[in-house]
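Participant: got a predicted structure plus its sequence, pasted below:
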Amino acid sequence: MSTKKCITKGEGLPKWSNPISHAVVVNNMCFVSRQLSVDADGNYISGSILKEAKPAFSNFFAALENAGFDKSDMVFIDIAFDDLSDLPEINQLYIPRQTSSRCA
């Protein structure tokens, strides 16, 4: 029988009124919901790709940590782009947060 835990609030996670959990833990696997560019009160932060990506990444990693996991446990992350020319800027923000070991 599997165990399931929904992460709906926690340290560093924005407060929001929607019914979607920040993350769901099933047995020893964590599934993090898409994290938006929102502040602690759930207000949308708009701006440049970096201005929007910084809080989204912070929310993602906060969800992971509140679920009892860390970046070394990550297997896959899906990032949606409006413009692929933004990729180098996102890489500057994301790559330093990765663990040193990457799958080929």
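Facilitator: That came through fine.
Participant: CA only for contacts and neighbour counts going forward, please
Facilitator: OK.
Participant: give the contact list for Glu11.
Facilitator: Shown in contact with Glu11 (C-alpha atoms under 8 Å, 6 or more residues apart in numbering): Ala62, Asn66.
Participant: how close does it sit to Glu89?
Facilitator: Taking C-alpha to C-alpha, to the nearest Å as the measure, Glu11 falls 27 Å from Glu89.
Participant: likewise Phe76?
Facilitator: Applying C-alpha to C-alpha, the value for Phe76 to Glu89 is 19 Å.
Participant: neighbour count: those two, which is higher?
Facilitator: Per other C-alpha atoms under 10 Å, whichever of Phe76 and Glu89 has more neighbours is Glu89, with 12 against 7.
Participant: helix/strand/coil for the nearest residue to the more buried one once chain neighbours are set aside?
Facilitator: If the residues on either side of it in the chain are set aside, Glu89 comes closest to Leu50, at 6.9 Å by C-alpha to C-alpha, 6 or more residues apart in numbering. In terms of secondary structure, Leu50 is helix; the call rests on DSSP: H, G, I helix; E, B strand; the rest coil.
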